[in-house]
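**Student:** structure for the following, please:
(one chain, ligands or ions: 1)
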Amino acid sequence: MGGGYLGMWTAWHLLEREPNARVVLLERDRCGFGPSGRNGGFVNGYEDKLEMATERFGASAARRLIDAAGRAVAGIGEFCEREGVDAWYRRAPHVEIATNPAQDGSWADMTSTEVARHARSARFRGGFAMPGATVQPARLAFGLRDRLLTRGLRIFERSRVTRVTGTTITTDGGRVDAPRVVVAVNHAAGALRPFRRRLSTASSHVVLTAPIPEKLEEIGWTDGSALADHRTMLHYFRTTNDGRIVFGWGGGRMGYGTRRRRALDVDPKVCDHGEHMLRRFFPQLEGVPIEHRWGGPIDVSPIRLPQYRQDRRMMAGFGFTGNGVGPSYLGGQILSGMALDARDEFTSLPLVDAQVPLFPPEPLRFAGGSLIRAAMVRADEDADQGRLSSPPVRFVAGLPKRLGMSLPR
Ligand SMILES: Cc1cc2nc3c(=O)[nH]c(=O)nc-3n(C[C@H](O)[C@H](O)[C@H](O)COP(=O)(O)OP(=O)(O)OC[C@H]3O[C@@H](n4cnc5c(N)ncnc54)[C@H](O)[C@@H]3O)c2cc1C
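**Tutor:** Residues are numbered from 1 along each chain as shown. All right, here's what the predicted structure looks like:
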């Protein structure tokens with residue numbers, strides 16, 4: 001269920017392992033219609049989450065996870081190369097940058113001069129770089145769909161799953177009986193009882209400039225590096241093959257349950273913020289038009305890492321928390337293994353059946369989440385302005401940590 005990267009990579013890896021398996025993919029809209037076709041195109045693993053993963057899972061399990069996620073970044077590139085998918089895959093450093101004194105920290109092992117070798121902004125301070133890649137997200141999603149069809153996968157688009165009873169799936173127009181069901185529907189996984197309190201819904205939005213190759217030269221941003229700041233609600237920004245900047249903000253509003261809310265897909269206020277911050281980082285972009293702006297739902301996991309769970313003969317993956325392009329390839333390796341009852345290097349990763357704190361039920365989750373989000377946005381803004389946040393803001397923004405959650409970055 002679900003024709004995003006996770007569902008499609010799961011089908012791909014199933015067919016790699018069992019070429020004669022009969023796999024049917026059901027997609028509500030069109031494959032790649034969700035965030036998989038419209039994300040920021042940062043392909044990264046979990047290098048920056050080593051400390052957090054070590055605390056949660058222990059050193060050796062965390063290391064295995066980080067290595068597997070790193071191999072997934074390379075795996076997507078190899079897939080594109082081998083299968084002739086022109087997804088604009090490009091190896092590129094991912095640089096995380098402090099953009100105000102409050103973000104300075106021991107994690108920043110690059111000086112501002114070193115950061116400036118990737119791109120120049122008066123707001124950039126120290127940072128650190130990790131290996132990664134970038135893609136054009138829709139090209140990857142459509143290319144993957146194409147190759148799956150060539151391999152004989154049966155894909156039913158415009159087939160919304162309305163009910164799952166055991167391993168019988170009912171859609172708007174039909175029914176599938178299967179020995180195994182894999183759920184890969186992003187935040188909609190929360191509609192199924194076993195997963196309901198294991199994730200919540202937020203949103204992320206991006207704005208895209210007109211092509212501006214000469215401005216990129218002026219900024220010194222020509223190595224294709226993908227950048228992000230160190231806010232709690234982070235800004236992420238990169239250049240595209242056709243000389244644009246795509247600038248995103250992970251601070252979109254919360255969703256209620258699994259409802260499809262328009263503001264999750266396009267929230268003008270959140271896009272305005274992205275545009276404002278883009279121009280704050282790069283004042284030389286004054287007058288450069290924004291040609292497109294959009295967003296999409298984010299499946300938030302309380303541990304900031306996805307969860308892979310099994311409930312009888314149904315497996316599910318969800319909770320990418322805004323970092324799913326590279327990790328969904330690994331997710332496909334994990335879920336295909338689970339669906340085949342394999343005991344291997346993927347199904348033994350600590351994200352499978354991980355112990356995680358539960359979110360409260362609705363409407364508490366929406367109310368509490370919205371309040372915490374507002375406090376985090378305010379605390380980020382205070383830090384930018386060099387102000388100390390008020391005690392209530394600090395208290396509310398610090399709540400998830402006290403509840404054993406790592407939200408959202
Ligand atoms: C604006 C934005 C920018 C992002 N940028 C990045 C980035 O740069 N790097 C990164 O790593 N991550 C990024 N992400 C997150 C990343 O895009 C996602 O984590 C990833 O694409 C998730 O893939 P998925 O297959 O789980 O979900 P999706 O792509 O949402 O796919 C799920 C599919 O399930 C379908 N579906 C839902 N309900 C049903 C149903 N009832 N029946 C049938 N089908 C159903 C949906 O239509 C959808 O196609 C971004 C997200 C957004 C919104």
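
**Student:** could you tell me which residues of this protein lie near the ligand?
**Tutor:** Where proximity means Cβ under 6 Å from any ligand atom, the interface of the chain facing the ligand comprises 1-7, 26-29, 33-36, 39-42, 160-161, 184-186, 188, 204-206, 248, 295-296, 298, 320, 322-326, 328. Where C-beta positions appear, they are placed from N, C-alpha and C, glycine not excepted.

**Student:** those in strands, which ones?
**Tutor:** When strands are assigned by DSSP state E, the members of those inside them are 26, 42, 161, 204-206, 248, 295-296, 298.

**Student:** distance to G77 added to those, as CSV?
**Tutor:** What follows is these, written out as CSV (distance: Cβ to Cβ, whole Å):
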residue, distance to G77
L26, 29
F42, 14
V161, 32
S204, 24
H205, 27
V206, 22
G248, 22
G295, 27
G296, 24
I298, 25
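
**Student:** tabulate the residues you listed (TSV), appending pLDDT, distance to L234 and neighbour count.
**Tutor:** Compiled in TSV, these are given as follows (pLDDT from 0 to 100; distance: Cβ to Cβ, whole Å; neighbours: other Cβ atoms under 10 Å):
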residue	pLDDT	distance to L234	neighbour count
L26	98	33	22
F42	98	11	24
V161	97	32	21
S204	97	9	26
H205	97	12	28
V206	98	12	24
G248	98	9	28
G295	97	15	25
G296	97	16	22
I298	96	12	28
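
**Student:** okay, now the unreliable bits of this structure?
**Tutor:** Across the chain, residues meeting the criterion (pLDDT under 70) sit at 106, 409.

**Student:** Provide the secondary structure category for A228.
**Tutor:** In terms of secondary structure, A228 is strand; the call rests on DSSP: H, G, I helix; E, B strand; the rest coil.

**Student:** ugh, wrong one, I meant G257
**Tutor:** Under three-state DSSP, G257 falls in the coil class.

**Student:** could you do E291 as well?
**Tutor:** Applying three-state DSSP: E291 is strand.

**Student:** got a list of what it touches?
**Tutor:** Taking Cβ atoms under 8 Å, 6 or more residues apart in numbering as the criterion, E291 is in contact with 208-210, 244.

**Student:** who does the longest helix that the chain contains touch, helix- and strand-wise?
**Tutor:** What stands out as the longest helix in the chain, according to DSSP state H, is helix 59-83. With contacts defined as 3 or more Cβ pairs under 8 Å, 6 or more residues apart in numbering; DSSP states H and E, the packing partners of helix 59-83 are helix 50-57, strand 133-134, helix 137-150, helix 327-339.

**Student:** what are the contacting residues of that helix?
**Tutor:** By Cβ under 8 Å, 6+ apart, the surrounding residues in contact with helix 59-83 are 12, 43-47, 49-50, 53-54, 56-57, 85-87, 89, 91, 131-133, 135, 140, 143-144, 147, 325-327, 329-330, 333, 345-346, 348-351.

**Student:** now the element after it, going C-ward?
**Tutor:** Stepping forward along the backbone from helix 59-83, the first helix or strand reached (DSSP states H and E) is strand 90-91.

**Student:** and that next one, which strands flank it?
**Tutor:** For strand 90-91, the pairing partners within the sheet under DSSP bridges are strand 133-134 (antiparallel).

**Student:** count the residues that sit near G319.
**Tutor:** Other residues within reach of G319 by the criterion other Cβ atoms under 10 Å amount to 31.

**Student:** could you list the domains of the protein?
**Tutor:** Domains of the chain are assigned by automatic domain parsing as 1-93+132-199+301-358, 364-402.

**Student:** how far does the first one sit from its chain's centre?
**Tutor:** Pointing back at domain 1-93+132-199+301-358 there. Taking Cα atoms, centre = their mean, to the nearest Å, one finds the center of domain 1-93+132-199+301-358 at 11 Å from the center of the full chain.

**Student:** next, the distance between the ends of it.
**Tutor:** Distance across domain 1-93+132-199+301-358, first residue to last, is 24 Å (Cα to Cα, to the nearest Å).

**Student:** please apply the same query to stretch 380-389.
**Tutor:** Using Cα to Cα, the end-to-end distance of stretch 380-389 comes to 9 Å.

**Student:** what residues of that stretch count as buried?
**Tutor:** Under the neighbour-count criterion of 16 or more other Cβ atoms under 10 Å, stretch 380-389 has 380, 382-384, 389 buried.

**Student:** correct me if wrong: A354 contacts P306.
**Tutor:** No. Here A354 lies out of contact with P306, judged by Cβ atoms under 8 Å, at a distance of 9.2 Å.

**Student:** who's more crowded, the two?
**Tutor:** The neighbour count for A354 versus P306, taken as other Cβ under 10 Å, is higher for P306 (24 against 19).

**Student:** that one: what's it in contact with?
**Tutor:** By Cβ under 8 Å, 6+ apart, the residues touching P306 are 299, 317-321, 324, 327, 331, 351.

**Student:** could you export those residues as CSV, including distance to M233?
**Tutor:** As requested, these are exported to CSV (distance: Cβ to Cβ, whole Å):
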residue, distance to M233
D299, 16
G317, 24
F318, 21
G319, 18
F320, 16
T321, 12
G324, 17
P327, 20
G331, 24
L351, 24
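
**Student:** just the element for the closest residue to R151 other than its chain neighbours, please.
**Tutor:** Of all residues not flanking R151 in the chain, L15 sits nearest, at 5.5 Å (Cβ to Cβ, 6 or more residues apart in numbering). Following DSSP H and E, one finds L15 within helix 5-17.

**Student:** which of the residues in that helix are buried?
**Tutor:** Within helix 5-17, the residues that qualify as buried by neighbour count (16+ other Cβ under 10 Å) are 5-15.

**Student:** tell me the one of these nearest the ligand?
**Tutor:** L6 (3.5 Å; Cβ to the nearest ligand atom).

**Student:** D172 reaches T162, doesn't it?
**Tutor:** Yes. In this structure, D172 is within contact of T162 by Cβ under 8 Å, at 6.3 Å.

**Student:** identify the contacts common to these two.
**Tutor:** Between them, D172 and T162 share no neighbouring residue, with contact defined by Cβ under 8 Å, 6+ apart.

**Student:** nearest spatial neighbour of D344, chain-adjacent residues omitted?
**Tutor:** Nearest in space to D344, with sequence neighbours left out and distances taken as Cβ to Cβ, 6+ apart, is G337 at 5.3 Å.
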